[in-house]
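> Any chance you could fold what I've pasted below:
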Amino acid sequence: YLEFVVLSKEQLLITDHLNIHVDVVDDPDAIKFTDLLESFCLQQHVTVPTHQGGRRLDFIISRRSESIIKSTLVAHCFISDHASITCSLLPAKPASKVKTLSYRETKSVDFKHLSADIADSGLYNMSEVNTTSCDQRPDELVRNYNSTLSHLLDRHAPPKTNTILFRGILTRLLVKVAKRRRGKAGRVWRRTRLESDFNIYKTKKNHMAYLCNRARRDFHTNFINENCDQGRLVRPSLIIAIARFLKIGKIRSGLDSVNLDLNENQIVPQEFHLDVNNKLPELEILVEDNVLSLIQSSSVKSCLLNPMPTPL
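Numbers count the residues shown, from 1 in each chain. As a prediction, the model looks like this:
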């Protein structure tokens, strides 16, 4: 067991009660125990008597290379024949990451000045676009549209940068919050029995299941990547648990049950041929009013490729 625990890459702290008198120099068990700790590069921190008989029988063990204990160990009152040992530990905080965020203050844009600048630009004047042929005219219009809106956006909402410290969020806290929200939504739905509350409950439940599955997937992936070269950590029970989670047996049985007949099943589908007899009986001329109504009826969405956010 100790050999398996020492191979873990996490910080190690072992607390236990052993019937070994380490303060007795001639005790054979104490000598073997001390040699065992030395062989695994471990150290024992308890230096005060922990038993009513004046012996040290309770131990706190950690790696020599780790400074996990912050304060000196203190033996408090004897609850039974043993004393309680207390100490302060150094918490392992997640490493802080420096992130640089780029943003624009679009909410502080003056819409009147922005509308006036767009009206004064060359977007409304089609004659300002220098074209030599009808094929180049749409490209010139799109280029003029993108450049004008990008220039106006940089003027009214210039890009800004901000540097922040990102410490990350613990997965177990996210799962805990998701479970609490799921329970709250479930209690509301059971009290009202409304369809809308039931949909909210289903959404919270699915989100909680997604977080749990992602946490399990990340744990197994990181464990395999970190310990793939350590054969002692790969226990048979753990291998079975990972295979059950990844559904390896189900996938293999499904592949074995598939019978591929190259004569009946075509691996590569035939090339699609268009029937030359199919014709378009009627064409409708596209006018500006149709394009305008199509744009106005579409949902207001924006992406990074837009020269200016759609709400502006």
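> Tell me the span between the first and last residue of stretch 303-312.
Terminal residues of stretch 303-312 are spaced 13 Å apart (Cα to Cα, to the nearest Å).
> mind listing what's buried in that stretch?
Under the neighbour-count criterion of 16 or more other Cβ atoms under 10 Å, stretch 303-312 has 308-309, 312 buried. Yep, even glycine has a C-beta here, placed from its N, CA and C like the rest.
> what residues does it touch?
For stretch 303-312, the external contacting residues (Cβ atoms under 8 Å, 6 or more residues apart in numbering) are 106, 109, 111, 114, 145-150, 152-153, 300-302.
> Among these, which pair sits farthest apart?
The two members of those with the most space between them (Cβ to Cβ) are 147 and 300, at 22.9 Å.
> What distance do you get for residue 223 to residue 245?
Relative to residue 245, residue 223 is positioned 11 Å away (Cβ to Cβ, to the nearest Å).
> looking at this, residue 165 is in a helix?
No. Read with DSSP: H, G, I helix; E, B strand; the rest coil, residue 165 is strand and lies in no helix.
> residue ranges for the strands of this structure, please.
Taking DSSP state E to define them, one finds strands in the chain at 13-17, 42-44, 58-63, 74-78, 83-86, 97-103, 160-166.
> what comes up buried for stretch 202-215?
Those would be 204-205, 208, 211, for stretch 202-215 by 16+ other Cβ under 10 Å.
> Now do it: everything it contacts.
171-172, 174-175, 178-179, 181-182, 185-186.
> Which pair in the residues you listed has the greatest spatial separation?
Spanning the widest gap among the contacts of stretch 202-215 are 171 and 186, at 22.3 Å by Cβ to Cβ.
> Run a quick neighbour tally on residue 177.
Residue 177 sits with 13 neighbouring residues when counted by other Cβ atoms under 10 Å.
> One more: the one 10 residues further on?
A count of nearby residues for residue 187, using other Cβ under 10 Å, gives 12.
> out of the contacts of stretch 202-215, who's nearest residue 70?
Closest approach between those and residue 70, by Cβ to Cβ: residue 172, at 23.5 Å.
> if we can go back for a sec, quick one: buried ones out of the contacts of stretch 202-215?
Using 16+ other Cβ under 10 Å as the burial test, those include 174, 178, 181-182, 185-186 as buried.
> So which of the residues you listed sits lowest on pLDDT?
Here the lowest pLDDT out of the buried ones among the contacts of stretch 202-215 sits on residue 174, with 86.
> how near is that residue to residue 184?
Noted for residue 174: a distance of 16 Å to residue 184, by Cβ to Cβ.
> do residue 46 as well
Here residue 46 is placed at a distance of 46 Å from residue 184 (Cβ to Cβ).
> More neighbours: the two, which one.
Between residue 46 and residue 184, counting by other Cβ under 10 Å, residue 46 is the more crowded of the two (18 against 13).
> Give me the pLDDT for the more buried one.
On the pLDDT scale, residue 46 is placed at 78.
> contacting residues around it?
When contacts are counted by Cβ under 8 Å, 6+ apart, residue 46 touches 56, 58-60, 73, 85.
> and which of the residues you listed is nearest residue 122?
residue 60 (77.2 Å).
> just checking, the closest one touches residue 12?
No. Using Cβ atoms under 8 Å, residue 60 makes no contact with residue 12, being 11.2 Å away.
> per-domain residue ranges of this structure.
Domain assignment for the chain by the TED database gives 1-89, 99-126+138-165, 169-234.
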